[in-house]
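Enquirer: Okay, here's the prediction I keep looking at, along with the sequence it came from:
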Amino acid sequence: MEKKPLISGAEAKRLAAKYGTPLYVYRQSVVAETYRRLRAAIPYPKTRIYYACKANANAKLLATLRRAGACIETVSPGEVALALRAGFPPSRISFTCSNLSEKELLAVAKKGVRMHLDSLNQVRRIGAAFPGSSIFVRINTGLGAGHHSHVITGGPESKFGIYHTDIPELLRIVREYGLTVAGLEQHIGSNILDARAFVRAMRNLLESAKRFPDLEAIDFGGGLGIPYRPEEKPLDVRALGARVSAAFAKFCKAYGRELELAIEPGRYLVAEAGALLAEVTDRKETTAHSFVGVDTGFNHLVRPMMYGSYHHIFNLTNPRGKKESVTVAGNICESGDIFAKHRALPAPRIGDLLLFADAGAYGYVMGSDYNQRPRPREIVLD
């Protein structure tokens, strides 16, 4: 898939002159349009889209999604507080987290948000504190998928959810405390481009759902991907939405009532709406590499080092230069601080501005001040 830069060379020069580099740049309009397109792709009427804010917690982007009608998914007490500050009412906030302390769990429960309990111990703690209450639980149906082993969140290797073989014990605890299981949730992994994996996982969860007679909603999680690499094709969300809606409507008919369908996209809504702008600061040669040094590093965009992730790189200020095979390296004192190896780019010159595409998800939010280099600014356009 051919990529186009989020901003032009002229915009890049203006922004760099005003704000300096490195700089995270987002387009509000891209987020709004992506949300609209995804919601329109799901014909099932009782659908809720919970934006997974761990992907990008920028306040202006959260406001954009809230105004568009999105709900929000959180994974820590801090994200719950962030969602409330952003204007999301508790009724539009969900919370899922593993390995919580009892203090954290009960503190979030008192906020009145929808909680997806992640373990049998969490169910016991909520049952003891709030007997007779309604709960949502996260189920690990045994299926996982994703672009890297570190982001597969289902299956026997995953720490997340109540494993499907423990459902009998879950039901026993529910009876012990007089609880009602009002909803189920799952999440199988991240950056899924094959709709078949999502649909298979959905069917697994619907099979488990037959064992719970009081459901009001089922949340099939997130993981919807975007094409980072040139050879990757976009996820066909219209086809996925049609298949998901049809399967869910069929299940609801057999179940006896219409339930709420929920999904939790994060990356899909914001990745292509953001980019990292950096300046070329050095060039050097070895027998193995032609290094291009930039004024940012994995402390600002860790995905390439952590996952071996690919980000398209544009030379915005020399786009028609003769292409060279270069290795783009960051300014952090670590040998692994490499953004791309032997990448063909229009000849980067010292002072050129490079744009790392599709950095709107898991970019700034995973940043740090390692080497005592501060995180970049974030600028929202439109």
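Expert: Now that the structure is in, tell me what you want to look at. Predicted model only: the values in this text are computed from it and were never measured.
Enquirer: Write down the beta-bridge partners of Tyr163, one by one.
Expert: For Tyr163, the beta-bridge assignment (DSSP bridges) gives partners Asn140.
Enquirer: So what's the residue count around it?
Expert: Tyr163 has 18 neighbours, counted by other CB atoms under 10 Å. Heads up, the C-betas are built off the backbone N, CA and C, glycines and all.
Enquirer: Ala242 too?
Expert: 16.
Enquirer: now swap in Gly367 and tell me
Expert: 22.
Enquirer: Check Ala17 too.
Expert: 9.
Enquirer: just the one 10 residues further on next, same as before
Expert: Taking other CB under 10 Å as the criterion, the count of residues near Arg27 is 19.
Enquirer: One more: Ala273?
Expert: 28.
Enquirer: Please tell me how far it sits from Glu33.
Expert: To Glu33, Ala273 is 9 Å away according to CB to CB, to the nearest Å.
Enquirer: And Tyr163, by the same measure?
Expert: 39 Å.
Enquirer: same deal with Pro374?
Expert: From Pro374 to Glu33 the distance is 32 Å (CB to CB).
Enquirer: for Ser119, same thing?
Expert: Taking CB to CB, one finds Ser119 at 38 Å from Glu33.
Enquirer: Gly308 now?
Expert: 30 Å.
Enquirer: quick one, which of these two is more surrounded?
Expert: Taking neighbours as other CB under 10 Å, Gly308 and Glu33 compare with Glu33 leading, 13 against 9.
Enquirer: Can you say which helix or strand has the more buried one in it?
Expert: For Glu33, the host element (DSSP states H and E) is helix 28-40.
Enquirer: residues of that helix that come out buried?
Expert: Using 16 or more other CB atoms under 10 Å as the test for burial, helix 28-40 gives 28, 30-32, 34-35, 38-39.
Enquirer: Kindly report the same for stretch 173-193.
Expert: 173-174, 177, 179, 181-193.
Enquirer: Which of these fall in helices?
Expert: Taking DSSP state H as the definition of helices, these contribute 173-174.
Enquirer: Return the subset of the buried residues of stretch 173-193 lying in strands.
Expert: Among the buried residues of stretch 173-193, the members found in strands (DSSP state E) are 181-185.
Enquirer: Tyr228: which of those residues is nearest?
Expert: Glu185 (26.7 Å; CB to CB).
Enquirer: Quick check: bridge partners of the closest one?
Expert: Bridge pairing for Glu185 - DSSP bridges - gives Arg138, Asp219.
Enquirer: Could you pull up the residues touching it?
Expert: Under the criterion of CB atoms under 8 Å, 6 or more residues apart in numbering, the neighbours of Glu185 are 94, 96, 116, 136-139, 218-221, 262.
Enquirer: quick one: the helices in this protein?
Expert: 9-19, 28-40, 59-68, 77-85, 102-109, 120-129, 167-176, 195-209, 237-255, 267-270, 303-307.
Enquirer: Quick one: list the elements packing against the last one.
Expert: Pointing back at helix 303-307 there. Applying 3 or more CB pairs under 8 Å, 6 or more residues apart in numbering; DSSP states H and E, we find helix 303-307 packed against strand 338-346.
Enquirer: ok, and what's touching the strand it packs on?
Expert: Under CB under 8 Å, 6+ apart, the answer for strand 338-346 is 289, 292, 294, 301, 304-305, 310-311, 313, 315, 318-330, 354, 356.
Enquirer: do stretch 78-91 as well
Expert: By CB under 8 Å, 6+ apart, the list of residues contacting stretch 78-91 reads 53-54, 57, 59, 62-63, 66, 71-72, 74, 93, 95, 108, 111-113.
Enquirer: what do you get for stretch 18-32?
Expert: With CB under 8 Å, 6+ apart as the criterion, stretch 18-32 contacts 6-7, 15-16, 56, 58, 60-61, 64-65, 68, 269-270, 272-279, 294-296, 300, 353, 359-360, 363-364, 376-382.
Enquirer: Hmm, Pro329 is touching Ser290, no?
Expert: Just to correct that, residue 329 is Ala rather than Pro. No - checked against CB atoms under 8 Å, the pair Ala329 and Ser290 is beyond contact range at 10.5 Å.
Enquirer: Do you know the pLDDT at Leu193?
Expert: On pLDDT, Leu193 comes in at 87.
Enquirer: again with Thr141
Expert: At Thr141, pLDDT is 84.
Enquirer: How about Gly154?
Expert: Taking Gly154 on its own, its pLDDT is 47.
Enquirer: His164 too?
Expert: 89.
Enquirer: need the contact list for it.
Expert: 139-142, 204, 208.
Enquirer: May I see these arranged in a markdown table, with neighbour count and distance to Glu231 as well?
Expert: Below are these laid out as a markdown table (neighbours: other CB atoms under 10 Å; distance: CB to CB, whole Å):
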| residue | neighbour count | distance to Glu231 |
| --- | --- | --- |
| Ile139 | 25 | 34 |
| Asn140 | 26 | 32 |
| Thr141 | 22 | 30 |
| Gly142 | 17 | 30 |
| Asn204 | 19 | 29 |
| Ser208 | 18 | 36 |
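Enquirer: Many thanks, I have nothing further to ask.
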